[in-house]
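Asker: Provide a 3D model corresponding to the input given below.
(3 chains, ligands or ions: 4)
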Amino acid sequence: MLSFDNVSFAYGQHLVLKNISLQINKGEFLAIVGPNGSGKSNLSKLANGLIQPHLGKVLVDGVITQMPKSLREIRRLVGLIFQNPEDQFITTTVFDEVIFGLENIGVDPDKMKSIAEDALKKVEMLSYKGLEPHKLSGGQKQRVAIAAILAMKPKYIVFDESTAMLDPEGRQNIITLMQQLHTEGITIIHITHHMEEVLVATRVLVLKDGLIVADGTPASIFNNNIESNELEVPLALKLKQRLRSTGIKVPEQVMTLEGVVDYLWTSS
Amino acid sequence: MIENVLIGQFIDASSIFHRLDPRSKLISLFCIIIAFLLIDNISGYILASLLVVGCITLSQIPLRFFLKGLKPILIILAFTVFYHILFTKGENLLFQYSILSIYKESIIEGFSIVLRIFLLVLITSLLTLTTKPLDLAHGFEILCKPLKRLRFPVEQFSLMLAITLRFIPTIVMELDKIIEAQKARGVNFEDKSFVKKVLSYIPIIIPLLFTSIQRAENLANAIDARAYGDGSGRTRYKVLHFENRDYQVIGISLLVVGVFFLLRMVGG
Amino acid sequence: MDIKLERASYIYPNSSINSYESLRNINISIEAGKWISVIGHTGSGKSTLMKLLKGLIAPTTGHLLINGRVNELSKKGKAQIISDIGLVFQYPEHQLFETTVLKDLVFGPKNQGIEMKEVNQRAKEMIKLVGLSEEYFQKAPLQLSGGEKRRVAIATVLMMNPEVLILDEPTAGLDPLGSKLILQLIHDWYKAGGGHRTVIFVTHEMNEVAEYSDEVLVMNNGEIAFLDSPLSLFLNHDYELKEFGLDTPDTVKLLQLIEQRFGDYIKVESLQEEVVLREVIAYFKKQGAEV
Ligand SMILES: Nc1ncnc2c1ncn2[C@@H]1O[C@H](COP(=O)(O)OP(=O)(O)OP(=O)(O)O)[C@@H](O)[C@H]1O
Ligand SMILES: Nc1ncnc2c1ncn2[C@@H]1O[C@H](COP(=O)(O)OP(=O)(O)OP(=O)(O)O)[C@@H](O)[C@H]1O
Ligand SMILES: [Mg+2]
Ligand SMILES: [Mg+2]
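Answerer: Residues are numbered from 1 along each chain as shown, chains lettered A, B, ... in the order given. Ligands and ions are numbered 1, 2, ... in the order given. Below you'll find the predicted structure:
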């Protein structure tokens, strides 16, 4: 379990996270949404001890992140994929980039090649393995960054807007990958601005001005916040809402376009 | 710009130099540097130049990389030549005009210093062009193992070395980006006199320092996030071991030192 | 301003020994006053094309024509910046280089020789326009959050009053409200030009494409695959788009779902959300009445 106990964090006078308490259980698929500057990235850095809370504490499987000795273990448990993929390239080739993390956690050298290639295959970047990460396109960089973390087999993976620069297919592939990892028992924390991606999560957290303003299932979050324009409402929900207001009572739990059209078909 | 910097770049190919163990490359480089420092006569310079040309040919790296890489140090070299010609004294006066007097010895000395620097830069860049920074650091780390007993932090130091090497191209790339960004906003770097051109680069320096520090911080974060810890307990993908060719290369290098030593004794 | 590329190709001149063409045989003519969206899979050459249009890089073969005139320097293989084209880079980190937001904002106009007083005034308006406040003036650009950087980056380019605005994935990393705000802002800027301003907009969001563009440019593997209106592209070429790793907007998906289920194709004059929702609701109301 990942737990935040009354955590606050500030840059100088600027309080970025305000007394956050949050528990993320093993096996959850948590989506975090919220406006720019609301503290999402800082929350993710707190989760693996890259930054330390100024007040309160963060625990990963019961181990406190403030202990320098346990940091390495914590980072092996919690894989963090940075918002800007350029920030995380350390080595000179795509392949070495994946290997670097494996070496750090002491993986058997004989197994490294196959683990690294597997990870690259999962994000469809295997054929680029000899290239320099800096010479890839935006979306390609993003995928290499993901592979580098995947290979380390963390128990928790934080994707900080990893889908932001991908094409629709690439994005769908990453979402499918997240779902697959989730069924393998890995806890997924997905920070995103895309509301349709939130629908596949088991739980959604809305952050605003350093506070948690909503926490619940995707359906409950959207149905309660549909009027506020903070969240981009997917077309399916807009359609549902419009139909309901014209007297066609599409059930609340229907969340997709297929769902709405199917309901209309069966009820007509 | 990026292609004009040799140090820290790695160019993939499959030459003998690429396949050598980084340790034997380091030892050999050390030998060759000593040998080149021993040179004090014309036959030494000829031999050294032939050696360098031979090595470059063997490396399979196009000559243009080396030539381009020498460009940035040309100014320093030119300055050295002038300095020597104008300010050192010798016996054979060639030319005198008021306080300015030029001697034959100082011309020869100026050019030989430049040639020596030239050769040293070329042979050193051969090492960095054919060895990945992390491999180099690894080799360095093993060679320095004995220092560990003296409590010298070998692992951290070698990572530092690797990062420094890795960081040079990053800074240059950063420079490129800043130039590109400034061009996009109306700065004209072309079509100018030399002086103006140099002046127009001044506004780049502060941003460069600033973003480089930021990048360095991000890189440190990235390394931490990938569970590097203090560098202990890592495994290595590539286990270094000496092959016949490594012994041969070290043997040849020692021989080269011997030859240059003899040349100095005899040639005197 | 009319921009044209003729038989242009581009190879990155860098250290990899075997180079390949990031752009191949690009022929395109962009007339003033259009809003053109650019879509394509990652690595298809969108960002490279944008830099080519701005004159930051010169085509390896072929040339760039501005208002019918060949960009002279581009002939010699040297890039020449086209100052009336504003380019917002894909990564705001590449765009921002000054030590404070204010300095970054005034950098461009200062180079254009505009008076400081006016520049400062413009900066104050611009920071509000992108949804931030003057409090941000003294902050360091690189210490802002991802989305804040993006907003500042867009502001720095608008500060220069360009005639053509090229935006490389400007909404990536923006929150939905922020995206809408930025899109609206760009749209207002576009409309204010009275048909003389051009927008070239790279995005992976098909919904944004459907909502705003006059034409869509589809890139695939360094080549132009289509240049078409959104309506005709998304309705007629949805299969090819999927092949290219792309997608259709939600509105098209909705129309197609209805067609599959009910066998009726609802005719729309555009793929904008409001338009499609209105037609669809009207359709179901009629259906309801018939049942
Ligand atoms: N290194 C830093 N120094 C000072 N302030 C910072 C730094 N990093 C972030 N901040 C500030 O902290 C606040 C929260 O930033 P954070 O990156 O967590 O936001 P976010 O929710 O991830 O936003 P986005 O969706 O834009 O990525 C922002 O207002 C930002 O300006
Ligand atoms: N600096 C560079 N050096 C060498 N090759 C590059 C460089 N930048 C991009 N490339 C290559 O050129 C091709 C086109 O890249 P480009 O950045 O234009 O793609 P893109 O369409 O913008 O992709 P994305 O949607 O991921 O941003 C890619 O295959 C990429 O690997
Ligand atoms: Mg963030
Ligand atoms: Mg791009």
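Asker: where exactly do the strands run in the stretch 51-200 of chain A?
Answerer: If DSSP state E, counting those that start in this stretch is used as the criterion, the strands of the stretch 51-200 of chain A fall at A:55-60, A:63-64, A:78-81, A:156-160, A:187-191.
Asker: packing partners for the third one?
Answerer: When you say that, I think you mean strand A:78-81. Applying 3 or more CB pairs under 8 Å, 6 or more residues apart in numbering or on different chains; DSSP states H and E, we find strand A:78-81 packed against helix A:40-47, helix A:138-150, strand A:156-160. Just so you know, the C-beta spots here come from the backbone N, C-alpha and C atoms, and that holds for glycine as well.
Asker: Could you do the first one as well?
Answerer: Using 3+ CB pairs under 8 Å, 6+ apart, the elements in contact with strand A:55-60 are strand A:2-11, strand A:14-24, helix A:40-47.
Asker: What strands line up against it, and which way round?
Answerer: strand A:2-11 (antiparallel), strand A:63-64 (antiparallel) (DSSP bridges).
Asker: what's the least confident stretch among these?
Answerer: Sorting the strands paired with strand A:55-60 by mean pLDDT places strand A:63-64 lowest, at a mean of 92.
Asker: Run through who's touching that strand.
Answerer: Strand A:63-64 is contacted from outside by A:57-58, A:70, A:73-74, using CB atoms under 8 Å, 6 or more residues apart in numbering or on different chains.
Asker: JSON lines for those residues, including pLDDT, neighbour count and distance to B:Ala13?
Answerer: What follows is those, written out as JSON lines (pLDDT from 0 to 100; neighbours: other CB atoms under 10 Å in any protein chain shown; distance: CB to CB, whole Å):
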{"residue": "A:Lys57", "pLDDT": "93", "neighbour count": "15", "distance to B:Ala13": "51"}
{"residue": "A:Val58", "pLDDT": "95", "neighbour count": "26", "distance to B:Ala13": "47"}
{"residue": "A:Ser70", "pLDDT": "85", "neighbour count": "15", "distance to B:Ala13": "43"}
{"residue": "A:Glu73", "pLDDT": "88", "neighbour count": "17", "distance to B:Ala13": "40"}
{"residue": "A:Ile74", "pLDDT": "91", "neighbour count": "24", "distance to B:Ala13": "40"}
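Asker: Could you work out the most separated pair of those?
Answerer: Taking CB to CB, the two most distant members of those are A:Lys57 and A:Glu73; they sit 16.2 Å apart.
Asker: For residue 102, which residues are in contact?
Answerer: In the absence of a named chain, this looks at chain A. Contacts here follow CB under 8 Å, 6+ apart; on that basis A:Leu102 touches A:112, A:115-116, A:151-152, B:235, B:237.
Asker: please go with chain C instead
Answerer: C:123, C:137-138.
Asker: By mean pLDDT, which helix or strand of the chain comes out lowest?
Answerer: Using chain A. helix A:218-225 (a mean of 79; mean pLDDT, DSSP states H and E).
Asker: was after chain B, sorry
Answerer: helix B:194-200 (a mean of 71).
Asker: That helix and chain C in contact?
Answerer: No. With CB under 8 Å from any CB of the partner chain as the criterion, chain C is not reached by helix B:194-200; the gap is at least 10.8 Å.
Asker: Check the offset of the next helix-or-strand element following that helix from the chain's centre.
Answerer: Using DSSP states H and E, the helix or strand that directly follows helix B:194-200 along the chain is helix B:202-225. Centroid displacement of helix B:202-225 relative to its chain, using CA atoms, centre = their mean, to the nearest Å, is 22 Å.
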